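Chemist: 3D, please:
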Amino acid sequence: MLVLSRKESEELVISDRIRIRVLRISGGTIRLGIEAPKDVSVRRAELAARETAESTTVEEVVELAGVI
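Modeler: From the prediction side, this is the model:
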């Protein structure tokens, strides 16, 4: 894992396609702005984990029902 320090208004660039800017730092919260192409999925980790769990559950139910 790469660990970087950034101040408000500073950015980092990932492979010339994704820009992440620190918009505001307030207390224990950091507000980020992310620019990425539409083909790049950008989600909060907890939502991605929930979607994966829900997808797996649906697949298991379908498999148990003998649909696949």
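
Chemist: how close does residue 29 get to residue 23?
Modeler: Distance from residue 29 to residue 23, counting by Cβ to Cβ, to the nearest Å: 11 Å. (C-beta placed from N, C-alpha, C; glycine too.)

Chemist: give me the more crowded residue out of those two.
Modeler: For residue 29 versus residue 23, neighbours defined as other Cβ atoms under 10 Å are more numerous around residue 23 (11 against 7).

Chemist: contacts only, for the more buried one.
Modeler: Going by Cβ atoms under 8 Å, 6 or more residues apart in numbering, residue 23 touches 8, 9, 31, 32, 33.

Chemist: now, which of these lie within helices?
Modeler: The helices, defined by DSSP state H, take in nothing from the contacts of residue 23.

Chemist: from those residues, which is closest to residue 19?
Modeler: residue 33 (8.1 Å; Cβ to Cβ).

Chemist: grab the nearest non-local neighbour of that closest one.
Modeler: residue 21 (4.5 Å; Cβ to Cβ, 6 or more residues apart in numbering).

Chemist: any idea how far that neighbour is from residue 51?
Modeler: Taken as Cβ to Cβ, the span from residue 21 to residue 51 is 26 Å.

Chemist: low-confidence ranges, this protein, go.
Modeler: 56-62, 64, 67-68 (pLDDT under 70).

Chemist: what about the strands in it?
Modeler: Ranges of strands within the chain are 11-14, 18-26, 29-35, based on DSSP state E.

Chemist: who's in contact with the residue nearest the centre of the chain?
Modeler: Central residue of the chain (Cα atoms, centre = their mean): residue 43, 3.0 Å from the mean position. Going by Cβ under 8 Å, 6+ apart, residue 43 touches residue 51.
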